[in-house]
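please find the sequence and the predicted model below.
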Amino acid sequence: MRSSAALLALAFLLAGCSETDETAGTGGSGGASGAASGGNGGSAGSPSGGAAGTASGGSGGATGGAAGAAGSGGGNGGIGPSSTTFTPSGPITLVSGQTVSGVHVTSTSGPCIKGDGVQNVRITDSKIGPCGPGSEGVGVYLYASHDVRVDHVAFDDVASALYAQTDPNGDIVFDHNLVTRIRGPMPRGQMVQFDDIHGAGHRIACNVSDQTVPGYQAGPEDHVSMYKSGGTAQSPIEIAFNRLRGGGPSTSGSGIMTGDSGSEYLYVHHNTLVETANVGFAIAGGSHITFEQNRAFSPKNAYSNVGAYVWDQSGVTCQDNAMIGNRTLWTNKDGTSNPFWDGGNCQNTNFSGNVWGDATLGASIFEEAYAECD
């Protein structure tokens with residue numbers, strides 16, 4: 001994510017308390033640090049990674065739904081691979097129509113798997129990582145590619161798990177994956193990042209990102225980052241049923257960051273976020289972005305700031321978004337309750353049924369699996 005001295009000066013100015021939408025006004029219940037704004041973006045043409053994903057089926061491609069993956073993964077409630085033995089593999093360059101399965105892919109330089117202009121691809125039931133050093137060592141890097149599904153894969157020791165860049169055609173799916181030891185450095189550090197990705201059929205669902213090794217190299221930034229990316233009115237990018245935990249040492253990271261430099265048509269629902277560094281989830285710009293029935297919790301730690309915010313950080317259009325039925329309990333690094341911040345510069349935002357400061361939330365919510373992912 002981006003930061004600036006001017007925005008950093010706004011950090012932690014206001015103290016928060018438990019509120020519902022009816023009592024929270026502009027400014028919400030606490031200030032959101034400027035370091036929490038936006039996302040990292042991507043480097044055009046760089047074979048390095050953030051991450052992107054969703055849950056759909058298909059034997060080689062991505063078309064389908066979360067239910068299409070049910071039963072094909074074992075362990076951890078169907079998250080990650082079902083196989084216990086894997087064929088060792090060096091880096092893989094994808095071709096259209098390819099299925100990658102049953103392998104453990106590692107790389108000493110650059111991405112473990114990369115695809116340039118490919119379609120009708122599936123990567124499944126495998127392990128990925130460690131990948132090359134530095135920001136180029138992502139698990140799966142896609143450029144100008146579509147109809148790609150990544151499911152039931154265990155990622156470990158990667159700059160990012162999936163970085164998908166520059167494609168208008170749709171159907172990138174990342175589902176039922178287990179991601180550990182995201183190491184960065186920025187601009188990488190994501191489970192999934194979309195960078196200038198558009199079209200229908202995108203889905204990131206039923207993944208577990210568990211970054212409970214704080215300080216593992218540069219560490220994670222945003223677990224999920226939507227940078228200049230969006231779906232369609234009929235088929236918004238869906239981000240659902242993910243369990244995301246951990247962050248730091250970055251003080252600008254988040255669980256789910258949307259709207260960085262403009263996004264549109266995103267539906268983010270039923271996600272669980274625990275101690276995801278600076279921010280739980282946020283709308284940092286864009287339009288037609290809905291967060292519904294998400295939960296975020298953090299106690300005081302060295303990186304924590306605000307549970308959720310709506311605040312245009314990019315100077316782009318920010319309007320016609322929604323926060324519906326979300327719950328947060330978040331304590332900032334100063335020990336002050338800071339469950340939500342409304343920057344007041346996004347037009348026509350629908351706030352309904354949210355509980356900002358829900359004392360029933362705790363760290364154990366991360367262990368609650370979603371039945372929709374079975």
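Now that the structure is in, tell me what you want to look at.

ok, now how distant is the residue most central in space within the chain from residue 335?
Closest residue to the average C-alpha location of the chain: residue 224 at 1.1 Å, with Cα atoms, centre = their mean. As defined by Cβ to Cβ, to the nearest Å, residue 224 lies at a distance of 28 Å from residue 335. Heads up, the C-betas are built off the backbone N, CA and C, glycines and all.

likewise residue 299?
9 Å.

okay, those two: which has more neighbours?
residue 299 (13 against 10; other Cβ atoms under 10 Å).

check contacts around that one.
Contacts for residue 299 were tallied using Cβ atoms under 8 Å, 6 or more residues apart in numbering; they are 275, 331, 363.

mind putting those residues into CSV with distance to residue 261, neighbour count and pLDDT?
Output for these, formatted as CSV (distance: Cβ to Cβ, whole Å; neighbours: other Cβ atoms under 10 Å; pLDDT from 0 to 100):
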residue, distance to residue 261, neighbour count, pLDDT
275, 26, 24, 96
331, 30, 20, 98
363, 32, 12, 98
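
which among these gets closest to residue 94?
Distances from residue 94 to these, taken as Cβ to Cβ, are shortest for residue 275 (34.6 Å).

which phi and psi does the closest one have?
phi 50, psi 50 (degrees, to the nearest 10).

ignoring the adjacent residues along the chain, who's closest to it?
Nearest non-adjacent residue to residue 275, counting by Cβ to Cβ, 6 or more residues apart in numbering: residue 298, 4.7 Å away.

check the burial of the one you found by counting its neighbours.
30.

wait, doesn't it sit right on residue 307?
Yes: in terms of Cβ atoms under 8 Å, residue 298 counts as a neighbour of residue 307; the distance is 7.1 Å.

coming back round to it: return the residues in contact with the residue nearest to the centre of the chain.
51, 190, 191, 192, 193, 204, 239, 242, 244, 255, 256, 257.

ok, back up a step: who touches both of residue 298 and residue 307?
Contacts common to residue 298 and residue 307, judged by Cβ under 8 Å, 6+ apart, are 280, 329, 330.

by neighbours, which of these wins?
residue 280 (34 neighbours).

returning to what we had before: so what's the residue nearest to the centre of the chain closest to, chain neighbours aside?
residue 256 (4.6 Å).

where's the nearest residue to residue 146 once chain neighbours are set aside, which helix or strand?
Among residues not flanking residue 146 along the chain, residue 169 sits closest, at 3.8 Å (Cβ to Cβ, 6+ apart). Assigned by DSSP states H and E, residue 169 belongs to neither a helix nor a strand.

residue 169: neighbour count?
Residue 169: 15 neighbours (other Cβ under 10 Å).

what's the answer for residue 129, then?
So residue 129, with other Cβ under 10 Å, has 25 neighbours.

who's in contact with it?
105, 106, 112, 139, 155, 156, 157, 158, 181.

same thing but at 7 Å, please
106, 112, 139, 155, 156, 157, 158 (Cβ atoms under 7 Å, 6 or more residues apart in numbering).

quick check, the fourth one in a helix?
Translated: residue 155. No: using DSSP: H, G, I helix; E, B strand; the rest coil, the assignment for residue 155 is strand, not a helix.

doesn't residue 161 make contact with it?
Yes: contact criterion Cβ atoms under 7 Å: residue 155 and residue 161 qualify, at 4.3 Å.

wait, residue 185 sits on residue 218?
Yes: using Cβ under 7 Å, residue 185 and residue 218 qualify as a contacting pair, with a distance of 3.6 Å.

so which of those two has more stuff around it?
Remark: of residue 185 and residue 218, residue 218 carries more neighbours, 18 against 14, as counted by other Cβ under 10 Å.

from residue 248, how far out is that one?
Counting by Cβ to Cβ, the gap from residue 218 to residue 248 is 10 Å.

one more: residue 93?
34 Å.

please say which of those two ends up with more neighbours.
Regarding residue 93 and residue 248, a neighbour count based on other Cβ under 10 Å identifies residue 248 as having more, with 21 against 11.

where's the more buried one, which helix or strand?
Using DSSP H and E, no helix or strand contains residue 248.

am I right that it is in contact with residue 303?
Yes: between residue 248 and residue 303 a contact is recorded at 4.3 Å, counting by Cβ under 7 Å.

give me the common contacts of those two.
By Cβ under 7 Å, 6+ apart, the residues touching both residue 248 and residue 303 are residue 277.

how close does the residue lying closest to residue 363 once chain neighbours are set aside get to residue 325?
Once flanking residues are discounted, residue 363 sits nearest to residue 274: 5.7 Å by Cβ to Cβ, 6+ apart. Distance of residue 274 to residue 325, given as Cβ to Cβ: 19 Å.

would you map the strands across the stretch 51-200 of the chain?
Assigned by DSSP state E, counting those that start in this stretch, the strands in the stretch 51-200 of the chain fall at 87-89, 92-93, 99-101, 103-105, 113-116, 119-128, 140-143, 146-158, 162-167, 172-175, 178-182, 192-197.
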